[in-house]
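1. I would like the atomic coordinates for the input below:
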Amino acid sequence: MTTKETLIDGLLTGQFGAVSETRSVVTRLTSDVPVIYIGAGTCGLGAGAAKTEQAIRRFLEAKQLKAVILHVGCIGYCAVEPIVDFKFPAMQRLSYSRVTAGKTDALLEQLFAGTVSRDGLMGQYNDDGQKLWPGVPLLSEHPFFVNQKRLVLENCGIIDPVSIEEYIVRGGYKPYLDTIRKYTPEEVCEIIEKSGLRGRGGAGFLTGMKCRLTLRTQSDVKYLICNADEGDPGAFMDRAVIEGDPHRLIEGMCIVSYAIGAKHAYIYIRAEYPLAIERLMKALNQAKEYGLLGKNIYGTNVDLEIKIKKGAGAFVCGEETALMFSIEGRRGMPRPRPPYPSVRGVFGKPTSINNVETLANVPGILRNGAQWFASMGTEYSKGTKVFALSGKIKNTGLVEIPMGTTLRSIIYDIGGGIINDRSFKAVQIGGPSGGCITQQNIDISIDYESLLKVGAMMGSGGLVVMDEDTCMVDIAKFFMDFIQRESCGKCIPCREGTKRMLEILNSITSKPGNNPNAALLRMKAITQLEKLASVIGDTSLCGLGHSAPNPVLSTLAWFRDEYEEHVYERKCRAKQCAELRTFTIESTKCTGCTACAKKCPVDAITGDRKAPHIIDQNKCISCGSCLETCKFEAVIIS
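-> Residues are numbered from 1 along each chain as shown. As a prediction, this is how the structure comes out:
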């Protein structure tokens, strides 16, 4: 039989002996030539993986060496891309970090000579039947990975994302076929509910309960929607999962579609993710070719069609009712609820909407059982959670941790701590809709309930880390600017209220103008911010509007002294608010070289050559060009 026939036979009969025989072939464990795996996710390509691949191909051609080169997704350790793995016959796979084009020749020379280079070596895998390299640690013991529990990210960075064969031999699609052959839709809903899986997109509603509500709504047509419209600043979890393991998402959608009685499904994904869309389209075509999508799937009377709908990058379309309008071809604007999507959703039909991570968890639950998933995490927050680590942290990237892990462990044990060993100040969790967690609560358990107690929320999983040099007023202004620009404009509280809040934040981070009422307005700023936040949160139409003031409220709650300093003293202790900075020149250090005067765009610096210079504060616009230009550290910022 062909490989395809062998795999289909194994899926249908449940006899995976034949599949096991082909596993080593499909996963290239028994390849008689070296296999080179290049991390070609968006982060890897951004770090130069394409140039690295070109350099590797030139080396192989020049030396007349044979090797198979494969693209894999992101393994999560984005800070050290490009990541390249090398698998030599009968030996374990070696993983190397920061393999730039200039390093490839020396690295390949050593490896093809049978010597393990230690430069950039992260570790080796531990696949069955393969010989371990002596003296090389396991990749799973690397500090970045050792405290993680990879369920959703299990295959990312390891498998060929557009090889359905490799996904199948690793156990893929068997849970789906077992589900539609052994269980009723009601039983599938019960299994998912007993697992304790909660929506990973924000509010944390029980996924099994959401499925059951849609299943029990009577209708001739039902829909499943995967929300991959990842719009939060600092969030890239969905993109990485789809780029690295698209078949896991598709299988999760297949199972949930069966559970709710849907024959039609949509993946709503932002058009700014071209690589994710490309791999998703290839995976969907492969699933159709294998008969896993279409009509009467393997004689079970189950039908399913999955379509991709590209979004135009509007943040509001992450809100489920706006998303459904967009799928229908209308302007993406929220509508009041009820009716909820499970009763009246897209095209007026019952609809279940889940995000990428939620759906990607489902195959594992059906494979291993509800209790397996429920055994991980806390009492009310089960399983694992994927976070995107970014900001002032050494090890940026994707991490997947069991629910209940502390924030301190994520930042210091996995993330490696703050860049330049600066002091930790806060982390923004949950994007614009979330909140800040400060040093005071750094030992908080990461679960739904604990986060709510400190005014934060899980959100989709963005973690933006800030250090001692971060201005929290400036952070609030950044998120409010984002929210105000992304407001759909349908309801007045959100449209006008966020605009007014942004105006206040701009006023307290700017130099006073000629307005005689400016001082009074600044004095009222904090009170006005709190009142506006209350009105916006209480009266906005959708969930995004309700949470729009959160960045301001959260930073006000924990860093009120910084707001008061901006308002009353017109100072920014972090020296990030440009117009509140004061530049002076220390006469004892100034050599009168005139470099700063030449660079000043407003001619605010005067002084004779070889004599100390001075800055006219009435002219100075606090641009900082003098600070950047001075080679004698004579310019002081306060």
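2. Going by C-alpha atoms from here, please, whenever you check contacts or count neighbours.
-> OK.
3. Thought residue 628 was touching residue 636, still the case?
-> No: taking contacts as CA atoms under 8 Å, residue 636 lies outside contact range of residue 628: 11.0 Å.
4. mind checking which helix or strand of the chain has the lowest mean pLDDT?
-> Ranked by mean pLDDT, DSSP states H and E, the weakest helix or strand in the chain is helix 17-26, scoring a mean of 72.
5. quick one: contacts for residue 502?
-> 477, 480, 481, 484 (CA atoms under 8 Å, 6 or more residues apart in numbering).
6. Against residue 109, how distant is it?
-> Residue 502 is 57 Å from residue 109, where distance means CA to CA, to the nearest Å.
7. and the closest residue to residue 146 other than its chain neighbours, what is it in contact with?
-> In space, and not counting its chain neighbours, residue 146 is closest to residue 140: 5.6 Å by CA to CA, 6 or more residues apart in numbering. Residues near residue 140 by CA under 8 Å, 6+ apart: 123, 125, 146.
8. ok, back up a step: which ones among the contacts of residue 502 lie within helices?
-> Taking DSSP state H, the ones among the contacts of residue 502 that sit in helices are 477, 480, 481, 484.
9. before we move on, the earlier item: hang on, the residue nearest to residue 146 is in a helix, isn't it?
-> Yes: counting by DSSP: H, G, I helix; E, B strand; the rest coil, residue 140 falls inside a helix.
10. Against residue 73, how distant is it?
-> 17 Å.
11. same deal with residue 106?
-> For residue 106 relative to residue 73 (CA to CA), the value is 25 Å.
12. quick one, which of the two is more surrounded?
-> residue 73 (29 against 12; other CA atoms under 10 Å).
13. Next up, phi/psi of the closest residue to that one other than its chain neighbours, please.
-> If the residues on either side of it in the chain are set aside, residue 73 comes closest to residue 244, at 3.9 Å by CA to CA, 6+ apart. Main-chain torsions, residue 244, degrees, to the nearest 10: phi -100, psi -20.
14. Enumerate every residue touching residue 244.
-> 41, 72, 73, 74, 75, 155, 156, 157, 159, 160, 161.
15. cool, and residue 262?
-> 221, 222, 223, 224, 304.
16. switch to 6 Å and redo it
-> Counting by CA atoms under 6 Å, 6 or more residues apart in numbering, residue 262 makes contact with 222, 223.
17. can I assume it sits in a helix?
-> No: counting by three-state DSSP, residue 262 is located in no helix; its state is coil.
18. List phi and psi for it.
-> Backbone torsions for residue 262, taken as degrees, to the nearest 10, come to phi -100, psi 140.
19. Tell me the pLDDT of it.
-> Residue 262 is assigned a pLDDT of 97 by the prediction.
20. any idea how far residue 351 is from it?
-> Taken as CA to CA, the span from residue 262 to residue 351 is 8 Å.
21. can you list residues touching both of the two?
-> In contact with both residue 262 and residue 351: 222, 223, using CA under 6 Å, 6+ apart.
22. What about residue 124, how many residues nearby?
-> Look at residue 124: counted by other CA under 10 Å, it has 24 neighbours.
23. and what of residue 328?
-> So residue 328, with other CA under 10 Å, has 14 neighbours.
24. Most widely separated two among the contacts of residue 502?
-> Farthest pair in those (CA to CA) is 477 and 484. Separation: 10.2 Å.
25. Among the contacts of residue 140, name the ones in strands.
-> residue 123 (DSSP state E).
26. Which single one of the contacts of residue 140 is nearest to residue 439?
-> Distance to residue 439 across these (CA to CA) is lowest for residue 146, with 24.2 Å.
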